[in-house]
Every structure is written in structure tokens, then in C-alpha cells.
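[1] Build me a model from this:
(chains A and B)
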Amino acid sequence: MENAIVMKNVCKDFKILNRHEGLKGSIRDLFSRDYKTISAVKDVSLEIARGEIIGYLGPNGAGKSTTIKMMTGVLEPTSGDIMVNGLVPYKERTKNSEHIGVVFGQRSQLWWSLPLIESFRLLRDIYMVPKKDYEEMLELYRSLVDIEPILHKPVRQMSLGQRTLSDILAAFLHNPAIVFLDEPTIGLDVAMKAKIRSLIQGLNAEKNTTVILTTHDMGDVDALCKRIVIIDEGKKIYDNDIEHLKSYFGSYRTLRIRHADDTWEERVIDESKEDVMEVILKKQKEQKIKDIQLQEISTEEVIKKIYENSAASKEAAAGLHVAPAADGETASEKKEGATV
Amino acid sequence: MSDTTMTRPKAKRGFGFYARIYRKILVQDLKSKMSYRADFVISTFGMIMTNLSGFVTFLILFKNFPTINGWDYYHMLFLYGFSLVALTPVQCFFDNNWNLRFQVQSGDFIKYCFRPINVFFYFMSEVFDVKGLGQLAFGIGTLVYAWVHIGIPVTPLVIAKLVLFLLTASLFMIAIMNAAAATCFWIVGSGYVMVIMFRFKDFAKYPSSIFHGIFRILFTFVIPIAFVAYYPSLAILESNNVPVLTWCAPALGVLFFYLSYKFWMLGVSRYDFTGS
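    Here you go, the predicted structure:
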């Protein structure tokens, strides 16, 4: 079994009742069969190898959560095939869940009133983890992060950071083959983010756990992921390693200019369209420049560009207005206007 | 890379497994509840007051009507105590049904679907309501008091029958609440359904022979409130003249519980978890 996850042409549609306004409308809704179909995931194929850490990105509502729910067996795909650890997740949800760990959003899955160590013991029983493996895992945790202060604390008394940390530790406890992490660093301070990133990295390295990470924080992606997959509007629009992502938008540079009043101005420049020196000269004629910096475009900017491109091509397809020619191989050509 | 999770021998998660897990959660939960002493004292006090006020209502009623449909004071008291005891399991073990609709609406419910254990069990095991224990004590006291005054003989057979029919009665109430709670997977206003069903349990304290026509059929076969105390208690009170429905009650109870469980789980599988 070389691949942890294989998805082939997976689609997921939701049927949603067309709601009408007002009291009359709600009464009509009671008997209405007026459904519209929304495609949350459209024809996504994906192969994820064992031990990989994958950044699974996309704007809000792109279909990330739906994909993960299908991988965990909570939702059944409308069409296409999914294999997770060699199992069809929605058919064998219980069996599948033995080999996966999930940290979903900011919802703690631990027993609210119990000290963390008691939650661990319960999970050990639920997953029937042999005592030796359990002790080893706790030892590994101790070596990676300082767990003593939180081990005997009830989850309800923990700070958000401690709770997230606890949830991640709990998700790895039964040594699953795959762990799904949904925005694990959301709302955390810089120090805690760094702690959680190094913990994930350590666990992945030690246990060869496949990690599927969804996040809006490009710091997470830079720190953890070699490969990223981007979906938008339910379609896969990018699937490659992170270095390639930067060369994908290689002609872009971030130009930072320091004005006389010490404020920095930032601009993303497409070198294929305008010359950096010209921009600087033009600026210099307008006002005094104290300093300039030219940087390679950051991951964050690249992702923003990809989202923007995808949105622009969608508008173009819908005939709203003619967008500037989208860069190369994005999904623009493949978009069919009818689905909007 | 060899993977220990893959090669781990497949053990069965049977009744023993679930009983052990439940016991462990229960012990931990009780420990933490005791540590919130004020909360514990207030809720216990509230429970005693609720039961007392119910009891006073009952006494006032009987001051005015010495018999109800041929049932005298002690027989009614027996029925009252019987229903209190029978309602204990739903209160203690299935109280989380009341939180179901909030968790379903907020999307938090999804967390119950990621563990390799039964979703219904996992959900219910999270809450054990201690208040039910006070109700149990109150119910047993009332039952024994009425028992002595009616002069029912105490034999192993009668005790066995009592236990069997108390369990039967509990199953019906649990089934009603499961089904009522599970409506939240389809409709938004399921809170009302639960409150109405929970109010219906008050009818369980009266002999269902006081209901006529459509209500009798309704409370026997559609919303089986009559089985929450009336029919099962007849096995003890009218041991010479037990109606057929009473003998059918244990099997019906299991059936109703099973159906309500299936309905609950159907709700889980139908639920789309769209709230990300």
C-alpha cells in the first residue's frame, strides 16, 4: 500500500431547498420540492503518498471541508471513488476511523470536564492501543513538547492554544496512518503557532504519519508542506510542490519602497508587463524615496494571485466583464459557464 | 515503513467493551461533577423541589377526587412511584438527547463520527445526569409506601416481575425521547417536539383508562405513554387479571427502543454536515 489516499473523479453535490421569503414563503417551503443542486466538489482526483504532509488550500467555501468529510467517511461522494488506507471510507466508516485522526476546526473532541490524561486513557481504551505503544507515544510527546503542565488540567480550563495542542496530541495517540488537521493554528499567538508546527513536524518525522493540513495561514504551509493542493469552486486548480508554486508566478516580485516619512509601501509587480526600474523612477519623480527592497513573491501573495485568477476567469466565463488575460495554465479555459 | 496500526489484531468491540468504556467515563464524570460543589448542591435541591411540588399537586388532586376511575389513593400512589422509577434511566443515561439539536445545528455533532465506536453510544455516554438519582430515591420511597399499604405480597416472583416491567416502562420513555430528539436532523423546531413529548410523560402518572376514544389509541400505540407506567404496573397491581397488552409490553418495549435507535441513526446518516 504505497498511497495513503487515492481519489478518482470525486464529485459531491448537495440538494438544497429553495427557500422563499415571508410567512407565505415558509409555508410553501413545507410542501415544496423545489430543490437546487449545488456542486461542492467537482471531479477531483488526488493521490497522496504515505508520510506526506499536504497543504490543502482554498478560499472559504471552496470545498475543502467537504473533501475531508468524504475522506473520513462522514459523507458519501455523489460519484467517483475514494480509497483511504485501502478502505472505502463511507462504507466502512468505523474501520476507517481506527486508522485516522481528526482535528476539526476549533471544536475540541476531548471530554470537556476531564483532565487530559483521563481523555488519553479513554482514547487508549476506545482504540484498543496496547499498553506498550501507549507508553511509547507518551514518551515521544514528552520529548517533543512540554506536556506536564496540561496533562492534569481539565480541558475546559485550558487556553485555546493548550486545547489545540491537546487535540493534536489526542489525534495522534493511536498512531493513525493519516491525520487530518483543519486550521490547527487559527487564533493562536506566534509562539504557540511555532510550537504546534514543530510538534506536527516531529510527529510526522517520527511516525511517518500522513498529514492533510487545511489552513489559511501561509506560515503553516511554508513551515510544514512540501506539496500543496489548491481547490476553488470545488475544482482542483493546483497540485504541485511549493517551489514550483513560486516559479509558477516567477515573473512576479514584491517591491517595497520606504518613503521619506519612514512608511513602507508594498507592490506586487509583474515583470513581464512592467519594468521594476521604471516603476521606481516614476515613484522617485513624485516623492523622495529613502530605501527600496525587491523580494521574491511570498507564498501568501502567490496564493492570493491564484485565488484572484480563478475568480477572474470565473467572471469572464460568466460574461460579466472581460478580465485581463489570465496567466497560463489556470483552470480558466476549462471552466464551463453553465455551472455558475 | 511497517505500520503497527495496520497489523494490529482486530479485536471485537462487544457489550463488555462498551460497558467498560461507559463505566470509565461515568466515574470520571462523577469525579469532576463533585468538584463543582455549588452546582451539585443547587441542582440536587432543584430536583427535590420539582419532585415535591409534583407530589403536592398529586395530594391536592386526591383531596378533591378520592378515587379516579376506580383507582384509590394508594393505587394511584403506586402508579406515581412506578412512573418516577421508570423515568430514571431516560433522565440519567439519555439526557444528552436534549443537547442534540444544538450540536446538530452548530455542526459540532460531526465529532461523534470520527471514532471507531457506535455514534449513538458515544453521544449518550457523554452526559450522565445525577439529578435522576434523587428522582429514583423519591420514586422508590413512594413505591414502597404504596406497596405496604396495598398489601402486595413480597415474593421473588413479584420482585422479578417488578424489575422486568420497570425496565420495560423505561424502554418506552427512552424510545419516545430518542425519536423526539432525532427529529432535529430533519426539522429546525425540534425543541418543541421534545418539550411536548416530555410533557406527555405527566400523563403516565394516571391510569390510561381515564382517556377515551382517540386519545387512548394515541397514547397506547402512537406515542406509547400508557406503557410508561399504566400497562406495566398492572402486572403487579392486578396480578389476577393482567391484560394482554401488559404481557406484550416487554417485547413491544424492545421493539420501540430498536425503532427509535434506527430512526436516530437514520438521522445521522441523512445529515449532511454542511455547517463547516
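
[2] How about the residues of the stretch 51-200 of chain B by chain A?
    Residues of the stretch 51-200 of chain B found near chain A (Cβ under 8 Å from any Cβ of the partner chain) are B:107-108, B:110-111, B:113-117, B:126. For glycine as for every other residue, the C-beta is placed from the backbone atoms N, C-alpha and C.

[3] List the contacts of the residue nearest in space to the middle of chain B.
    Using Cα atoms, centre = their mean, the residue of chain B that lies closest to the mean C-alpha position is B:Val90, 2.5 Å off. The neighbours of B:Val90, taking Cβ atoms under 8 Å, 6 or more residues apart in numbering or on different chains as the test, are B:170, B:173-174, B:177.

[4] Below-threshold pLDDT in the stretch 151-276 of chain B: ranges please.
    Judged against pLDDT under 70, the low-scoring parts of the stretch 151-276 of chain B cover residues B:272-276.

[5] and what of the stretch 151-300 of chain A?
    Low-confidence regions of the stretch 151-300 of chain A, defined by pLDDT under 70, span residues A:246-251.

[6] just so I have it, where are all the strands in it?
    Read by DSSP state E, counting those that start in this stretch, the stretch 151-300 of chain A holds these strands, from start to end of the chain: A:178-182, A:210-214, A:227-232, A:235-241, A:252-259, A:264-270, A:289-296.

[7] nearest to chain B, of those?
    strand A:178-182 (8.8 Å; Cβ to the nearest Cβ).

[8] from the strands of the stretch 151-300 of chain A, which stretch is densest packed?
    Ranked by average neighbour count under the criterion mean count of other Cβ atoms under 10 Å in any protein chain shown, these are headed by strand A:210-214 at a mean of 25.

[9] Report the mean per-residue pLDDT for the helix or strand where B:Ala38 lies.
    Secondary structure assignment for B:Ala38, by DSSP states H and E: helix B:37-64. Helix B:37-64 shows a mean pLDDT of 81.

[10] which other helices and strands contact it?
    Judged by 3 or more Cβ pairs under 8 Å, 6 or more residues apart in numbering or on different chains; DSSP states H and E, helix B:37-64 is in contact with helix B:15-35, helix B:73-86, helix B:131-150.

[11] For the stretch 151-276 of chain B, just list every one of the helices.
    Counting by DSSP state H, counting those that start in this stretch, one finds helices in the stretch 151-276 of chain B at the ranges B:156-182, B:190-200, B:213-217, B:230-237, B:244-270.

[12] how near is A:Lys24 to chain B?
    Using Cβ to the nearest Cβ, to the nearest Å, A:Lys24 is found at 18 Å from chain B.

[13] now do A:Ala170
    Relative to chain B, A:Ala170 is positioned 11 Å away (Cβ to the nearest Cβ).

[14] That residue contacts A:Leu123, correct?
    Yes - between A:Ala170 and A:Leu123 there is a contact at 6.0 Å, judged by Cβ atoms under 8 Å.

[15] wait, what's in contact with whichever residue of the stretch 1-150 of chain B sits closest to chain A?
    Across the stretch 1-150 of chain B, the shortest distance to chain A (Cβ to the nearest Cβ) belongs to B:Ser32, at 4.1 Å. Applying Cβ under 8 Å, 6+ apart to B:Ser32 gives the contacts A:113-114, A:154.

[16] State which helix of chain A is the longest.
    Using DSSP state H to assign secondary structure, the helix with the most residues in chain A is helix A:299-318.

[17] got the phi/psi numbers for B:Thr67?
    Dihedral pair for B:Thr67: phi -130, psi 150, per degrees, to the nearest 10.

[18] List the contacts of it.
    For B:Thr67, the contacting residues are B:Tyr73, by Cβ under 8 Å, 6+ apart.

[19] do you know how far it is from B:Tyr74?
    B:Thr67 sits 11 Å away from B:Tyr74, taking Cβ to Cβ, to the nearest Å as the criterion.

[20] Check B:Ala86 too.
    Look at B:Ala86 and B:Tyr74: by Cβ to Cβ, they are 18 Å apart.

[21] for B:Asn240, same thing?
    Plainly put, B:Asn240 is 18 Å away from B:Tyr74 if you go by Cβ to Cβ.

[22] between the two, who's got more neighbours?
    More crowded of B:Asn240 and B:Tyr74, by other Cβ atoms under 10 Å in any protein chain shown: B:Tyr74, with 16 against 4.

[23] hang on, the more buried one packs against B:Gly151?
    No - judged on Cβ under 8 Å, B:Tyr74 makes no contact with B:Gly151 at a distance of 9.2 Å.

[24] check contacts around A:Thr214.
    With contacts defined as Cβ under 8 Å, 6+ apart, the neighbours of A:Thr214 are A:55-58, A:64-65, A:68, A:180-183.

[25] Mind putting those residues into JSON lines with distance to chain B?
    JSON lines is the format used below for those (distance: Cβ to the nearest Cβ, whole Å):
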{"residue": "A:Gly55", "distance to chain B": "18"}
{"residue": "A:Tyr56", "distance to chain B": "14"}
{"residue": "A:Leu57", "distance to chain B": "15"}
{"residue": "A:Gly58", "distance to chain B": "12"}
{"residue": "A:Lys64", "distance to chain B": "8"}
{"residue": "A:Ser65", "distance to chain B": "4"}
{"residue": "A:Ile68", "distance to chain B": "10"}
{"residue": "A:Phe180", "distance to chain B": "9"}
{"residue": "A:Leu181", "distance to chain B": "13"}
{"residue": "A:Asp182", "distance to chain B": "9"}
{"residue": "A:Glu183", "distance to chain B": "10"}
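
[26] and the gap between the residue of chain A most remote from its centre and chain B?
    Relative to the centre of chain A, and counting by Cα atoms, centre = their mean, the farthest-placed residue is A:Lys285 at 43.5 Å. Here A:Lys285 is placed at a distance of 49 Å from chain B (Cβ to the nearest Cβ).

[27] next one: A:Thr215
    Relative to chain B, A:Thr215 is positioned 14 Å away (Cβ to the nearest Cβ).

[28] Name the residue of the stretch 201-340 of chain A that lies nearest to chain B.
    For the stretch 201-340 of chain A, the nearest residue to chain B under the criterion Cβ to the nearest Cβ is A:Asn208, separated by 4.8 Å.

[29] Tell me which of the helices of the stretch 151-276 of chain B is the most buried.
    Once neighbours are counted as mean count of other Cβ under 10 Å, the most buried of those proves to be helix B:230-237, having a mean of 24.
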